[in-house]
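Asks: Here is my input, please return the structure:
(one chain, ligands or ions: 1)
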Amino acid sequence: MEDLLIIEDLVKCYRGGTRANDGVSLQVETGEVVGLLGHNGAGKTTLINQVAGLAVPTSGTIRVDGCDPVAEPARVRRMVAVMPQAHAPLAGVTPRQAIRTMARIRGMNKHDSRARTDELIDALDLGAWADTTGERLSGGVRRLTAYGMAASSPGRVVMLDEPTNDVDPVRRRLLWEQIRELADRGCAVLLVTHNVAEAERSVDRIVVMGSGKVLAEGTAAQLRSRTVGEFRLELTAASADGIPPLPGHIPAAGPPLRAVRRLAIPLDSQAASAALAWGQQLRAAGIVDEFALVPVGLEDVYLQLAGGETAPDAEKGEHGESLAA
Ligand SMILES: Nc1ncnc2c1ncn2[C@@H]1O[C@H](COP(=O)(O)OP(=O)(O)OP(=O)(O)O)[C@@H](O)[C@H]1O
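Replies: Numbers count the residues shown, from 1 in each chain. Predicted coordinates:
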């Protein structure tokens, strides 16, 4: 497959000194949907803006089907479609008008732009609002309209910044089907999301960014294989007294992750039944409100990579007690 988007060693320093991209390299092939994950401020939007020619890199290279957005911004803009993070300004404009106008601006003839607009309105189940002006539309319908604008005449590389935000679960599914359809047409799709579970289900490859760098990339299965342990014992403390040490006969597979009253301990399968019995004891004693043994997923990898609330010392609990065996 052909790499439509190639980014090499990209650095972007803003005035004021923020190094928002710090040596980013990634590729997206034709027919591929790549999910870009990362905490707030990781540098995802900065990356997209540079590919779209809206910001100039400090150093490094970007090629969109062989073209350089710095040297040929107008040409690249025709090849790239962007759905920005901010809501599209739709005051006085209906979804149908907005999508059709964008298709026309991007060079589609009248007939095709009408047909594509109808197709998108249908596919995203937007019919009920297609002729309602923007100020009367919900946030989700505005997001879907912005997607429709980007997908109206998508060019070769499509970049979507948090496309499913505010969208209801049913239309979310329709939207993912449309994103896949763009890839099937031969587009390279790069999309930013904070929804790890959705990315795990719906994209071909995931790139995790943190502090302006690529922390990891691969398929969901490749990334999952990096996790410590096969399961996670999740406990919610009943009070601020916390949770006692993991008994010595239950080996933890790695350091625990903690958040206020919650504790997650990675475990291998051989420790699972003993860990469940321990959880039951704690609940019977009123020490935990609830506990569950869950298989590790991409979210665990993401938290490990991008910095979950890992205990400062893997061996110490909330009050300094030992959590590991
Ligand atoms: N125009 C700008 N001028 C100066 N600093 C900026 C500018 N735009 C972004 N930044 C800074 O660059 C860093 C990366 O921001 P960016 O918006 O790319 O992150 P992000 O990963 O898209 O975050 P989010 O998930 O919150 O949208 C942040 O520290 C941000 O404050």
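
Asks: Just give me the neighbour total for Ala220.
Replies: A count of nearby residues for Ala220, using other Cβ atoms under 10 Å, gives 20. Bear in mind the C-beta positions are built from the backbone N, C-alpha and C, glycine included.

Asks: Please read the previous query as pertaining to Met108.
Replies: The burial count for Met108: 18, using other Cβ under 10 Å.

Asks: Tyr14 too?
Replies: Residues lying near Tyr14 (other Cβ under 10 Å) number 12.

Asks: again, but for Ile250
Replies: Neighbours of Ile250 (other Cβ under 10 Å): 19.

Asks: just checking, it is part of a helix?
Replies: No - the assignment for Ile250 (DSSP: H, G, I helix; E, B strand; the rest coil) gives coil, which keeps it out of a helix.

Asks: With adjacent residues omitted, what lies nearest to it?
Replies: Ala274 (4.8 Å; Cβ to Cβ, 6 or more residues apart in numbering).

Asks: go on, Gly107?
Replies: Nearest one to Gly107, counting by Cβ to Cβ, 6+ apart, is Ser153 at 6.6 Å.

Asks: give me every residue that touches the one you found.
Replies: Ala81, Met102, Ala103, Arg106, Gly107, Met108, Ser113, Arg116 (Cβ atoms under 8 Å, 6 or more residues apart in numbering).

Asks: rewinding a little: before we move on, which element is the residue nearest to Ile250 in?
Replies: According to DSSP states H and E, Ala274 maps onto helix 272-284.

Asks: Same check on Arg258?
Replies: Using DSSP H and E, Arg258 sits in strand 257-259.

Asks: Show me the contacts of Ser153 that map onto strands.
Replies: Of those, the ones assigned to strands by DSSP state E are Ala81.

Asks: Output the contacts of Ser153 as CSV; include the columns distance to the ligand.
Replies: Below are the contacts of Ser153 laid out as CSV (distance: Cβ to the nearest ligand atom, whole Å):
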residue, distance to the ligand
Ala81, 18
Met102, 23
Ala103, 27
Arg106, 25
Gly107, 29
Met108, 30
Ser113, 31
Arg116, 29
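
Asks: now the contacts of Ser153: which count as buried?
Replies: The neighbour count (16 or more other Cβ atoms under 10 Å) marks Ala81, Met102, Ala103, Arg106, Met108, Ser113, Arg116 as buried among these.

Asks: Can you list which of the contacts of Ser153 are found in helices?
Replies: Met102, Ala103, Ser113, Arg116 (DSSP state H).
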